[in-house]
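J.: Test case, fold it:
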Amino acid sequence: ARLAADLGRLAEATAHARAVLTACDDGQTPDDDATAPGPGDDLTAARRADASRLLRLLEERAGK
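T.: Purely as a prediction, here's the structure:
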């Protein structure tokens, strides 16, 4: 998502960041398998925070 944003592909970046947030809320990130740790896992929390920050940045860019 971050690379897509850096390349100016904002729709793709937004869609990916939203998918990460949805997956984290479901307890599994898109790249993980069925044995992935749940929502309380530090990596999941970090991914969710990063996706949230990126979405806020993209929304700010879209508002300008």
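J.: where does this protein dip in pLDDT?
T.: 27-40, 64 (pLDDT under 70).
J.: Okay, strands next: where are they in it?
T.: With strands called from DSSP state E, the chain shows none.
J.: how about the helices in this structure?
T.: Assigned by DSSP state H, the helices in the chain fall at 2-6, 10-26, 42-63.
J.: Is it possible to get TSV of the ones you listed that adds mean neighbour count?
T.: For the C-beta atoms, the positions are set from N, CA and C on the backbone; glycine is no exception. Compiled in TSV, the helices of the chain are given as follows (neighbours: other CB atoms under 10 Å):
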stretch	mean neighbour count
helix 2-6	14
helix 10-26	16
helix 42-63	14
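J.: Not counting sequence-adjacent ones, nearest residue to residue 24?
T.: residue 48 (4.1 Å; CB to CB, 6 or more residues apart in numbering).
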